[in-house]
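Colleague: structure for this input, please:
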Amino acid sequence: MIERFFKLSKNNTDVKTEIVAGITTFMTMAYILIVNPSILSATGMDKGALFTATALSAAIATLVMALVANLPFALAPGMGLNAFFAFTVVLGMQVSWQFALTAVLLEGIIFVILTFLNVREAIINAIPLSLKKAVSVGIGLFIAFIGLFNSGIIVTGMTHIGDGKLDGIPVKLGHITGGSALLAIIGLLITGFLLAKKVKGGLLLGILVTTIIGIPMGVTQVPQGLKLLSAPPSLEPILWKFDFSQVFSMQMLLVLFTFLFVDMFDTVGTLVGVATKANMLDERGKVPRAKEALFADAVGTTLGAMLGTSTVTTYVESASGVAEGGRTGLTALSTAAMFIIALFLSPLFIMIPGAATAPALILVGLFMMSPIKDIDFDDFTEAIPAFLTIIMMPLAYSIAEGIVFGMVSYVVLKTLTGKFKDVSYLMYVLAIAFVLKFLIA
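Modeller: Numbers count the residues shown, from 1 in each chain. Okay, the predicted model is just below:
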């Protein structure tokens, strides 16, 4: 039954490969169970309830991805979007977290409508193949940078010198002879060795071994009186807490637009990039079952708001599962199951340090570089937009901004050189919308 439902043979995979891939994806994104409650609790939301909401929203959305789209992508409350929710909207604009949750709910509902109208799918299909290749490479650099930075191998070189001024270089090499950075380097070598020896599940095994090595190093923290099983915290403090009193205000419109923009192109970029790396694009360069995948994202955001968390989006860490051979919804189903298990085993998952998952992210960045060889660097109207897409993702720390720079430059260069036929009408519309977005912001 599993074979028929997920079409494993057709996708050149098997049950064991898919399950290992799903667990690997979970292990590389399990940090969200710790980070999301930490960020959102700055607004006054209950931290325990946020843990439960994070795990449940991720499990439900990923389950929809598995059963409806049959794709190996996982979803959870998005990084960046949760920070915007907490620090820009709630604390910066001095509104309630209930106001922000209402904006997320409206965003989810709008995305459900746009998905059924095929608007989001049309945007994916409008992106030229060269930019789709570039998105994959850019995401690879982006997640490798995340792994390097979160582990402390790379740190910021900027320091405050007074009057709000900064001095120094943007990033520099961290203190790599001790602590988190050293553990990450050890993990990188271990995982690299496992991959070189073609050990099945090398990324997952590398995470587990690195976590264990981190115990005597003092990086992996083992709680005293560790309990294997514990009931998840109650959702009651944040469940279905909305404020509809300002739905038609300019404030709500601004917040809603930002949520819509960032989530739209983060999701589009992740779907395109990971699907490209997995060789899942069809002969016309389209992502298979994109509409169903976008539906999972929209449902996740809507239900996530109801549960009490920020925007749910497709995770770039899905690339780690794809790198392990995940090709179908069984990978996503396995990831969803791990989120459910995490509800009752939270102390164990909290033990896994960022330094243990960093090597997997760095090496997945390597895996995602391969589409760069298919980009035509002799045609500068293709090469320059592709390069801007690639370089802006890690430097702007945003998949969405990388896509914006790539698409706008593609439209402008093609138009100026008279290659109008290479640009679809929708690309012109999107480019104008992106420019207006920057002018208004």
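
Colleague: ok now stretch 144-161, how far from the chain's centre?
Modeller: 19 Å (C-alpha atoms, centre = their mean, to the nearest Å).

Colleague: with just CA atoms, put it into CSV.
Modeller: C-alpha atoms of stretch 144-161 as CSV (Å, rounded to 0.1, in the frame of the first residue of the first chain):
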residue,chain,number,x,y,z
ALA,A,144,25.7,26.7,4.5
PHE,A,145,26.2,30.2,5.9
ILE,A,146,23.5,29.6,8.5
GLY,A,147,25.3,26.5,9.6
LEU,A,148,28.7,28.3,9.7
PHE,A,149,27.2,31.3,11.6
ASN,A,150,25.0,29.4,14.1
SER,A,151,27.9,27.1,15.1
GLY,A,152,30.3,30.1,15.7
ILE,A,153,32.7,29.1,12.9
ILE,A,154,31.9,32.4,11.3
VAL,A,155,31.0,35.4,13.6
THR,A,156,30.2,39.1,13.1
GLY,A,157,33.2,41.4,13.0
MET,A,158,31.1,44.5,13.7
THR,A,159,31.4,46.4,17.0
HIS,A,160,29.7,49.4,18.4
ILE,A,161,31.9,52.5,18.7
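
Colleague: buried residues in it?
Modeller: 144, 145, 146, 147, 148, 149, 150, 151, 152, 153, 154, 155 (16 or more other C-beta atoms under 10 Å). All C-beta atoms are positioned from the backbone trio N, CA, C, and that covers glycine.

Colleague: could I get the residues you listed as TSV with distance to residue 195?
Modeller: Formatted as TSV, those follow (distance: C-beta to C-beta, whole Å):
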residue	distance to residue 195
144	15
145	20
146	19
147	15
148	18
149	22
150	20
151	18
152	23
153	18
154	22
155	26
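
Colleague: and of those residues, the nearest to residue 48?
Modeller: residue 150 (24.0 Å; C-beta to C-beta).

Colleague: coming back round to it: tell me the one of the buried residues of stretch 144-161 nearest residue 64?
Modeller: For those, the nearest to residue 64 is residue 146 (25.5 Å; C-beta to C-beta).

Colleague: chain center to whatever helix or strand that closest one lives in, what's the gap?
Modeller: In the assignment (DSSP states H and E), residue 146 maps to helix 129-151. Centroid displacement of helix 129-151 relative to its chain, using C-alpha atoms, centre = their mean, is 11 Å.

Colleague: now do it: which elements does it pack against?
Modeller: Secondary-structure packing of helix 129-151 (3 or more C-beta pairs under 8 Å, 6 or more residues apart in numbering; DSSP states H and E): strand 154-156, helix 179-196, helix 250-277, helix 318-323, helix 354-367, helix 380-396, helix 399-416.

Colleague: contacts only, for the closest residue to residue 265 other than its chain neighbours.
Modeller: Nearest non-adjacent residue to residue 265, counting by C-beta to C-beta, 6 or more residues apart in numbering: residue 400, 3.7 Å away. By C-beta atoms under 8 Å, 6 or more residues apart in numbering, the residues touching residue 400 are 261, 262, 264, 265, 266, 269.

Colleague: nearest to residue 319, of the buried residues of stretch 144-161?
Modeller: Closest to residue 319, out of all of those and judged by C-beta to C-beta, is residue 144, at 10.5 Å.

Colleague: ok, for that closest one, nearest residue in space, not its chain neighbours?
Modeller: Closest to residue 144 by C-beta to C-beta, 6+ apart is residue 365, at 2.7 Å.

Colleague: follow-up on the earlier one: how much does the helix holding residue 146 deviate in direction from helix 250-277?
Modeller: Orientation note: helix 129-151 sits at an angle of 100 degrees relative to helix 250-277 (axes from the mean of the first three to the mean of the last three C-alpha atoms, to 10 degrees).
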